[in-house]
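**Q** 3D, please:
(one chain, ligands or ions: 1)
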Amino acid sequence: MAHPHVALARKRLTVLSDGSTDSCALVFCESERRSVSASTCLVCAFANPRRGLDPHDAVYCERSLLPAAGAAIDATFPPAVAAALPVGLALSRSVVCVQAALPWGAVARTPALTASTGAVPVVDGAGALVGVLSATARAGLRAPADGLTSVGDCASCAVWVHESESLGDAFATMGARHLRELTVVGDGQNVVGVLRDVDALHFVSYIARTGMRPTPERAA
Ligand code: SF4
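**A** Residues are numbered from 1 along each chain as shown. Modelled structure (predicted):
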């Protein structure tokens, strides 16, 4: 049985400008309403390392109020309240980002980028969102003969939502822009995840029905 105070972690993988990768586990901190690295939780007074959880998967957080699926509780949230919860709580998928300075010719040689099925957020050297590479763009573009074009030159404008905004706001943005997913940013426009409509709808309906957060899919 899951413990009600387990906060789930997700992975952010960034392809750097030299083709190497940087990986980080993130947790949405309910009390701070923002994503923090799982390593931050390890030194937080409200974490309980004796629970033996792998911080790359989950942390035991005494301040987590929304219980995980499988916990022995009996509570329900009305749908309107569930839709008012912050976007960050619904993030569960790994996200793959790429730095804008990566040469375009390296995209096809980078498994993390070719394997990613959705849009890939493009970030600057500090991790801030500067655009997005659609799956169509990655599949259809070829590097120019001079090989000087960078990923940033090929990126299009990103539609994003801040992780502290409500899921209802995210649904409204997706509806207005006819999108199935949004890039999610935190403070400083740093990318913290991707929100897909199916995941958000499942999250809201599950909480409205059970009063607990669903066990997420781990697909990228
Ligand atoms: S352990 Fe601390 S930093 Fe981590 S989610 Fe809980 S309150 Fe936030």
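
**Q** secondary structure element for residue 193?
**A** When elements are assigned from DSSP states H and E, residue 193 belongs to strand 191-196.

**Q** Okay, now the sheet partners of that strand, with direction.
**A** Strand 191-196 pairs in its sheet with strand 181-185 (antiparallel), by DSSP bridges.

**Q** would you put the C-alpha positions of the partner strand in CSV?
**A** Taking Å, rounded to 0.1, in the frame of the first residue of the first chain, the C-alpha atoms of strand 181-185 are listed here in CSV:
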residue,chain,number,x,y,z
GLU,A,181,0.6,19.3,-24.7
LEU,A,182,2.3,22.3,-23.1
THR,A,183,5.9,22.9,-22.0
VAL,A,184,5.9,23.6,-18.3
VAL,A,185,8.3,26.1,-16.8
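
**Q** chain center to it: distance?
**A** Its chain's C-alpha centre lies 7 Å from the corresponding centre of strand 181-185 when counted by Cα atoms, centre = their mean, to the nearest Å.

**Q** what comes into contact with stretch 80-92?
**A** Taking contacts as Cβ atoms under 8 Å, 6 or more residues apart in numbering, the residues outside stretch 80-92 that touch it are 8, 10, 26, 28, 30, 33-35, 66, 161-171, 184, 186, 192-195, 199-200, 203-205, 207-208, 213, 216-218. Backbone N, C-alpha and C define where each C-beta goes, glycine included.

**Q** Of those residues, which belong to strands?
**A** 8, 10, 26, 28, 34-35, 161-162, 184, 192-195 (DSSP state E).

**Q** what about residue 158, which SS state?
**A** Assigned state for residue 158: coil (three-state reduction, DSSP: H, G, I helix; E, B strand; the rest coil).

**Q** Quick check: it vs residue 64, distance?
**A** Per Cβ to Cβ, to the nearest Å, residue 158 is found 30 Å from residue 64.

**Q** How about residue 162?
**A** For residue 162, the distance to residue 64 equals 21 Å [Cβ to Cβ].

**Q** Equivalent analysis for residue 120, please.
**A** In terms of Cβ to Cβ, residue 120 sits 30 Å off from residue 64.
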